[in-house]
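Need a 3D model of the sequence below.
(one chain, ligands or ions: 2)
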Amino acid sequence: MTTKITPAAHLAEVQASFDESMNPRLVEILRSAVRHLHAFVEETGMTREEWKAGIDFLTKTGQKCDDVRQEFILLSDTLGVSMLVEMINQRPSDNATDPTVFGPFYVPGAPEKVMGDSIASPGGGGEPLVIRGAVRNASGAPLGRARLDVWQVAPNGLYDVQDPDMAPMSYRGVFTTGADGRFEIHTSRPVDYQIPTDGPVGQLLQATGRHSWRPAHTHFMVTCPGYKTLITHVFDRASPNLASDAVFGVRDSLIIDMDNGSASIDFVLDTEQ
Ligand code: BEZ
Ligand code: FE
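Ligands and ions are numbered 1, 2, ... in the order given. Have a look, this model is predicted:
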């Protein structure tokens, strides 16, 4: 007579299948993923049809990806996982600037700018905005040679990579601080915009009654030799979507006034351990 195997014994068998691996970190991650997946299936009483629907959803998510569209990042963002990964990895000290999501619209190789240059397209419209501030260490000392890679949406609510009528590298630039750590970036006031909804993630948002808006923001990636890279945004205090960002990226410390054509923020970097 055979004994019926329980879900717990079944899980133990799958966990043991990784015993011979030479990569302990991979095994740690896989064992945890399998444990949580099995618990998820049991806890929800998953039906075969529901599991198949989940697999179809992930298949469509992969099929939506190409060189410029990354639907899996969008899924991770809208489920709050991207923000959690930043929170776990970055853990800023008390004085340091809060990080937020990277998002899918960063493009490497943006044009080098000098302080006071504009990243806006000539004739692109919108409300002119100057963002000023300084890059500092946690003791308040200014950091020279800090590089600020900046990107944002155009006044039409699209990134350059989403709009075939916009010149590549519009609303993008890289600024390098001098010894005073200060920066001055001319742009247009960012606008609230919708994350792409023409794929499976858009369907998921719709099916759960969620909106797809992000509050107006400008992205920054700040690097400086000897310091941890900071990936963050500044958000416009006037945005109506601050309390319901589709990707859960808002932090109070990153909300600034953008009225009257000017805004200011200091970025504080932690030293590299
Ligand atoms: C963004 O801010 O560019 C962004 C972040 C997450 C998902 C979609 C867009
Ligand atoms: Fe953005």
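
Check the gap between the closest residue to ligand 1 within the stretch 1-150 of the chain and residue 66 for me.
Closest contact between the stretch 1-150 of the chain and ligand 1, by C-beta to the nearest ligand atom, is at residue 103 (2.9 Å). Every C-beta, even on glycine, is put in place using the N, C-alpha and C of the backbone. Residue 103 sits 17 Å away from residue 66, going by C-beta to C-beta, to the nearest Å.

For the longest helix along the chain, buried residues please.
As assigned by DSSP state H, the longest helix anywhere in the chain is helix 24-44. Buried residues in helix 24-44, counted by 16 or more other C-beta atoms under 10 Å: 30-31, 38.

Repeat that for stretch 175-183.
175-177, 181, 183.

Let me know the closest of these to residue 243.
Minimum separation from residue 243 among those (C-beta to C-beta) is found for residue 183, which lies at 28.9 Å.

Show the backbone phi and psi for the closest residue to that closest one other than its chain neighbours.
With sequence-adjacent residues excluded and distances taken as C-beta to C-beta, 6 or more residues apart in numbering, residue 183 is closest to residue 175, at 5.3 Å. Per-residue torsions, residue 175: phi -110, psi 140 (degrees, to the nearest 10).

these two touch, right, the residue of the stretch 1-150 of the chain closest to ligand 1 and residue 219?
Yes: between residue 103 and residue 219 there is a contact under C-beta atoms under 8 Å: 6.7 Å.

residues shared between the contacts of the two?
Common neighbours of residue 103 and residue 219, using C-beta atoms under 8 Å, 6 or more residues apart in numbering, do not exist here.

Residue numbers of the chain in contact with ligand 1?
Counting by C-beta under 6 Å from any ligand atom, the residues of the chain close to ligand 1 are 74, 77, 101, 103-105, 195, 214, 247.

pLDDT of the longest helix of the chain, averaged?
Throughout helix 24-44, pLDDT has a mean value of 97.

quick one: the helix or strand that comes right after it to helix 24-44, angle?
Using DSSP states H and E, the next helix or strand after helix 24-44 towards the C-terminus is helix 48-63. Helix 48-63 and helix 24-44 are oriented at 140 degrees to each other (axes from the mean of the first three to the mean of the last three C-alpha atoms, to 10 degrees).
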